[in-house]
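S.K.: Sharing a sequence plus its predicted fold:
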Amino acid sequence: MSENNQGAINPATGDAGNPKTGQDFEYAPKHAHDRIDSKDQQSFANKIADAHRVEQLEKQAEREKADVPPTEAALKHGNEPSKGAKIDEALEVEDEAELRKKAEAKAQSKEAHKH
């Protein structure tokens with residue numbers, strides 16, 4: 001179940017309620033089940049698994065954010081990107097080109113030392 005989803009969605013109706021009556025199920029109040037509640041009866045292994053899951057989600061969000069070019073936000077809103085955003089994007093392109101060059105040089109060096 002995703003973080004945004006309030007419950008299982010019935011594919012036939014598209015609702016998260018009782019398919020026979022059409023009424024929504026009763027939900028616990030927001031934050032009624034705290035993941036890090038020390039008095040919760042979760043096992044230690046489940047707490048570790050949950051912490052690992054949250055860490056993976058945070059890392060994934062960070063990777064997705066890193067893939068967004070600095071000028072995208074302004075362009076999305078129909079504005080011209082700032083000078084700093086343009087410079088950042090140019091620096092990113094230069095860095096990627098330099099890293100590719102270094103990787104090629106490393107591969108050539110490795111190949112030369114094989115013989």
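M.R.: Great, that's in hand.
S.K.: Would you mark the buried spots in the longest helix along the chain?
M.R.: Secondary structure of the chain per DSSP state H: the longest helix is helix 83-114. Along helix 83-114, these residues count as buried under the neighbour rule (16 or more other CB atoms under 10 Å): residue 85. All C-beta atoms are positioned from the backbone trio N, CA, C, and that covers glycine.
S.K.: which residues of the protein fall in helices?
M.R.: 44-66, 72-76, 83-114.
S.K.: Adding distance to residue 19 and mean pLDDT, write these out as JSON lines.
M.R.: As requested, the helices of the chain are exported to JSON lines (distance: least, CB to CB, whole Å; pLDDT from 0 to 100):
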{"stretch": "helix 44-66", "distance to residue 19": "29", "mean pLDDT": "88"}
{"stretch": "helix 72-76", "distance to residue 19": "39", "mean pLDDT": "91"}
{"stretch": "helix 83-114", "distance to residue 19": "49", "mean pLDDT": "94"}
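S.K.: Output these in CSV; the columns should cover distance to residue 20.
M.R.: CSV is the format used below for the helices of the chain (distance: least, CB to CB, whole Å):
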stretch, distance to residue 20
helix 44-66, 32
helix 72-76, 44
helix 83-114, 54
